[in-house]
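Peer 1: Build me a model from this:
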Amino acid sequence: MLPIPANELNGSGALGPYWTFYHAVVAEQLKRWLPDRPGLVLDLSGGRGRWPVQAAGAGHHVIEVVDFRRPSAPGLRDASNRIRRVRADDLSFLPDASVDAVIAEERALSLELMAESTIEDVVRVLRPGGRVLACVDSLVLGMAIMAEQNYWAHLCQTGTGEVMLVPWPDGSITRCFSSVQLRELLTDAGLEVEWIRPRTVLSPSTVDHVLAADTRALNWLVRTELEAHPDDDDTVGIHLVASARRPR
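Peer 2: Have a look, this model is predicted:
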């Protein structure tokens, strides 16, 4: 069974409270992760999140890359005028070592089936000492999606270490990662991994139960989640998130 029903993965439906919690976790995690000093941030989330506006609100200048091959949402209002939106399918428009941080939220590396090429380009434009924050689909999610579609033969190969490409009911294909595979992707590109962990370990039912009892408990839930530190645990959660740094 899917850890979250497929029709709920877009954030709508009965799991609304869970997605409110999920996005609050992402926002707080990004707040803690962003550089203390204002700099140039590259956002590869594809125009599917609110993260460029959050980074700009923290004083950073942001280049938001929207892949013209994929649909994207209209950009959120940027009162700071610090966000530049660029339509491109690679980073060739950026010079080497030109950005201070890279945000690849909204499963950006899972949507790029050749994630190795993408992360190599990221390392090229990242300044020495700069950091990458990346979110990907986990093997837990991939196996659940395939089991729901009765792809049992494919599931037999999930323990072999091979790349796991997952066909979704809507016809799209994404790449799912174990924590070992995600670490290898980042280190093989020349990055030093700081940590890898599930985006959330609290279940939708737990979140729903707590928030139903006290809607003011959201901040407490977010703190509990971020203080759990389940590093390299890929046995729970639909997404993995990693932080890595380019050596100086």
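Peer 1: thought residue 146 was touching residue 166?
Peer 2: Yes - counting by CB atoms under 8 Å, residue 146 touches residue 166, with 6.1 Å between them. (Each C-beta comes from the backbone N, C-alpha and C, glycine too.)
Peer 1: How is residue 32 assigned, secondary-structure-wise?
Peer 2: Taken by DSSP: H, G, I helix; E, B strand; the rest coil, the conformation at residue 32 corresponds to helix.
Peer 1: any idea how far the closest residue to it other than its chain neighbours is from residue 29?
Peer 2: Using CB to CB, 6 or more residues apart in numbering and skipping residues adjacent in sequence, the residue nearest residue 32 is residue 226, 7.5 Å away. Remark: distance between residue 226 and residue 29 (CB to CB, to the nearest Å) = 6 Å.
Peer 1: swap in residue 114?
Peer 2: From residue 114 across to residue 29, the span is 27 Å (CB to CB).
Peer 1: mind listing what's buried in the longest strand seen in the chain?
Peer 2: The longest strand of the chain (DSSP state E) is strand 126-138. Going by neighbour count (16 or more other CB atoms under 10 Å), the buried part of strand 126-138 is 126-127, 130-138.
Peer 1: Who does that strand pair with, and is each partner parallel or antiparallel?
Peer 2: Using DSSP bridges, the strands paired with strand 126-138 in its sheet are strand 99-104 (parallel), strand 173-177 (parallel), strand 239-245 (antiparallel).
Peer 1: Please produce JSON lines containing these, extended by mean pLDDT, mean neighbour count and distance to residue 203.
Peer 2: Formatted as JSON lines, these follow (pLDDT from 0 to 100; neighbours: other CB atoms under 10 Å; distance: least, CB to CB, whole Å):
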{"stretch": "strand 99-104", "mean pLDDT": "98", "mean neighbour count": "24", "distance to residue 203": "25"}
{"stretch": "strand 173-177", "mean pLDDT": "92", "mean neighbour count": "21", "distance to residue 203": "19"}
{"stretch": "strand 239-245", "mean pLDDT": "96", "mean neighbour count": "23", "distance to residue 203": "14"}
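Peer 1: With that, I have no additional questions.
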